[in-house]
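In: Would you be able to build a 3D model of this:
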Amino acid sequence: MHSLNSYIHKLAVQQGWSYQLISDEILMGDVNGDDDIDINDVTCIQLHLAYIRTLSSEGVLAADVDGDGVISINDATKIQKYLVGIIKSL
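Out: Modelled structure (predicted):
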């Protein structure tokens with residue numbers, strides 16, 4: 001669960017980023033569920049798209065960062081842009 005005391009919240013405030021909780025337990029962009037948004041989440045999407053790995057139901061929800069209801073390379077790209085600071089929120 002992400003609260004005002006969580007690592008991700010503190011980092012977001014420090015960096016001036018925003019993030020969206022899509023439930024009490026799922027962080028948008030945290031595809032692998034490790035409470036961090038990083039390149040590993042992008043890799044999970046890519047492996048899912050290549051039919052190498054299946055995402056969990058929580059991973060599917062967290063992966064659809066563009067909100068179009070479809071997991072695509074656009075979602076992976078948006079997370080990458082977030083990670084390098086091109087966009088400030090997912």
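
In: where does residue 52 sit relative to residue 17, distance-wise?
Out: Residue 52 sits at a distance of 30 Å from residue 17 (criterion: CB to CB, to the nearest Å). The C-beta positions use only the backbone N, C-alpha and C, and glycine is treated the same way.

In: neighbour-wise, which of these two wins?
Out: residue 17 (16 against 8; other CB atoms under 10 Å).

In: looking at it, that one is touching residue 83, isn't it?
Out: No - counting by CB atoms under 8 Å, residue 17 stays clear of residue 83, with 10.4 Å between them.

In: Return every residue with contacts to both of these two.
Out: Counting by CB atoms under 8 Å, 6 or more residues apart in numbering, no residue touches both residue 17 and residue 83.

In: Tell me the predicted confidence for the residue nearest the centre of the chain.
Out: What sits nearest the mean C-alpha location of the chain, by CA atoms, centre = their mean, is residue 29, with 0.6 Å. Predicted confidence (pLDDT) for residue 29: 96.
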